[in-house]
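[1] let me see the structure of the following:
(one chain, ligands or ions: 1)
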Amino acid sequence: MSFEKLGVFKPLLQAIEDLGYKNPTTIQTRAIPLVLQKKDIFATAQTGTGKTAAFALPILQRLRKPQEGRGVRAVILSPTRELSIQIYEDLQAFCKYMDIKTTILIGGKDLEKQRRALRSGIDIIIATPGRLMEHTQKGLYLDDVEIFVLDEADRMLDMGFSKDIRQIHPLLPKKHQTLLFSATFSEKVRKLSKLILRKPAFIETAKKNTTVDTINQIAYHVDTDRKAELLAYLIGSRNFEQVLVFTKTKLSADELYEELQKDGLTCGVIHGDKTKAKRLKTLQQFKAKKIRVLIATDIASRGLDIEHLPYVINYELPAIAEDYVHRVGRTGRAGREGEAITLIDIYEKYDIKDIERLIGQKILKDVVEGFEPDPTIRRKDQDELKLKSEHKRTEKKFVKKKESKKVTAKSLKVSKKKRKTTKRDPK
Ligand code: AMP
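    The predicted structure is shown next:
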């Protein structure tokens, strides 16, 4: 399949050729024709699947003819500033041979400046729900919107944006196309979809929340302030030639970069404060093995197109358990063996259990000789005993649920067997 065969028109073909895209991804192959046919869509697709282009390309094509005197024609909502910036940058690259104006409305930036930009005649808005709501309260009209996109809808709902979305929706004209993208098919998302989608086409391309069998997963207990030292030791002693390291925040990514540099390791950092050009350059250096350690945050690492990595290290656990799956999915690709190492301190001891529940398997825990945690160190934030009992309770519930599933699976097998024996031989 080619982009041309999907019906993508020339100015966009030229732009994606410049970006080096050769063939459409699965989600693009399925979504582009449907969006061009003005259908509502409910797609479960994770970041990294090429979903931005899956909605952005057909939207740009649909809006190719300028409409004099019309207001905003498409609104793309995303949960975070970082993701909004990424979508904005992608759109800019896609529409470089077109006459389409886009703007980004995110919190933490000057509201008045954004209002001035809006007055210059904008076709597409990329926004976080809260900030878009603020603008509508200050007089932004959405009456001319033809296409409404909810990207990472599950995450938006988890972050508490449900109310904003429900308030924004009635401000759109009755007739408009809605595209809903979500990594998961949760109950909350399903409810929202019922409210805002009209006869949607379903597209399912998401990977399940399970890690690949060929990945060896291990977690090392270590004290917080010895993590960098342990990381450098592991890289050096095990002679890792190319390793991807994840941190939870931009700040710790920068701090770790400084630490590893001091240890004489060549490294690069990819996070939301780096421009796309800078991120791409660092990634290329990493791929060319000019950089041994690539430090990345979850948002920035999304969609990192790295063929096969033997090692991924979680320097810190992600804020969202699902991101663990995204992270370790970077190793052990295409049936090859990979190793995912997680460093856990006293604050993360219980968070890793959420991940184990999500992936449905236990992660082996160990300590590295010489890096054993100091038993006298206690958590400063919460009562550890309380946390322990809380997790025991949820663990018990989880085991019970699993057991009841096993029982039903067993009884199913039995009834199938029974059916087999009673079935008559057709003669
Ligand atoms: P996304 O899932 O939209 O975050 O995209 C993930 C990454 O894949 C981004 O870096 C895109 O630039 C890239 N990408 C998207 N579509 C394609 C394609 N058809 N071919 C090659 N790379 C792509």
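[2] use CA for all of it now, contacts and neighbours both
    Will do.
[3] tell me what the residue lying closest to residue 267 once chain neighbours are set aside is bridged to.
    Counting by CA to CA, 6 or more residues apart in numbering, the nearest residue to residue 267 once its immediate chain neighbours are dropped is residue 293, at 4.5 Å. Residues found in beta-bridge contact with residue 293 (criterion: DSSP bridges) are residue 243, residue 267.
[4] my read: residue 293 touches residue 245, true?
    Yes. Using CA atoms under 8 Å, residue 293 is in contact with residue 245, at 7.0 Å.
[5] doesn't residue 84 belong to a helix?
    Yes. Residue 84 forms part of a helix when assessed by DSSP: H, G, I helix; E, B strand; the rest coil.
[6] how about it, what does it touch?
    Listed by CA atoms under 8 Å, 6 or more residues apart in numbering, the contact partners of residue 84 are 77-78, 104, 106, 126-128.
[7] return the distance of it relative to the ligand.
    11 Å (CA to the nearest ligand atom, to the nearest Å).
[8] from residue 134, how far off is that residue?
    16 Å (CA to CA, to the nearest Å).
[9] okay, now residue 141: neighbour count?
    The number of residues packed near residue 141 is 14, by other CA atoms under 10 Å.
[10] in what element of secondary structure is it found?
    Using DSSP states H and E, residue 141 falls within no helix or strand.
[11] same check, this time on residue 252
    Under the assignment given by DSSP H and E, the secondary-structure element containing residue 252 is helix 250-262.
[12] same question, residue 139
    Once you assign secondary structure using DSSP H and E, residue 139 falls outside every helix and strand.
[13] can you pull the phi/psi pair for it?
    Note on residue 139: its backbone torsions stand at phi 110, psi 10 [degrees, to the nearest 10].
[14] repeat that for residue 179.
    Residue 179 has phi and psi values of phi -120, psi 120 when expressed as degrees, to the nearest 10.
[15] how much space separates residue 347 from the ligand?
    Where the ligand is concerned, residue 347 sits at a distance of 30 Å (CA to the nearest ligand atom).
[16] leaving out chain neighbours, which residue sits closest to that residue?
    Closest residue to residue 347 in three dimensions, ignoring its sequence neighbours and counting by CA to CA, 6+ apart: residue 379, at 6.7 Å.
[17] I figured the one you found hits residue 345, correct?
    No. Under the criterion of CA under 8 Å, residue 379 lies out of contact with residue 345, with a separation of 9.8 Å.
[18] any idea how far the helix or strand hosting residue 342 is from the chain center?
    Here residue 342 sits within strand 338-344, counting by DSSP H and E. Per CA atoms, centre = their mean, to the nearest Å, the displacement of strand 338-344 from the mean C-alpha position of its chain is 19 Å.
[19] between residue 379 and residue 345, which one's more packed in?
    For residue 379 against residue 345, the residue with the higher neighbour count under other CA under 10 Å is residue 345, and the figures read 21 against 10.
[20] now the more buried one: how far from the ligand?
    Plainly put, residue 345 is 30 Å away from the ligand if you go by CA to the nearest ligand atom.
[21] I figured that residue hits residue 226, correct?
    No. Counting by CA under 8 Å, residue 345 does not reach residue 226; the two are 9.3 Å apart.
[22] buried ones in stretch 104-114?
    Of the residues in stretch 104-114, those buried by neighbour count under the rule 16 or more other CA atoms under 10 Å are 104-107.
[23] in TSV, list these along with distance to residue 29 and pLDDT.
    Formatted as TSV, the buried residues of stretch 104-114 follow (distance: CA to CA, whole Å; pLDDT from 0 to 100):
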residue	distance to residue 29	pLDDT
104	27	96
105	29	96
106	30	92
107	33	87
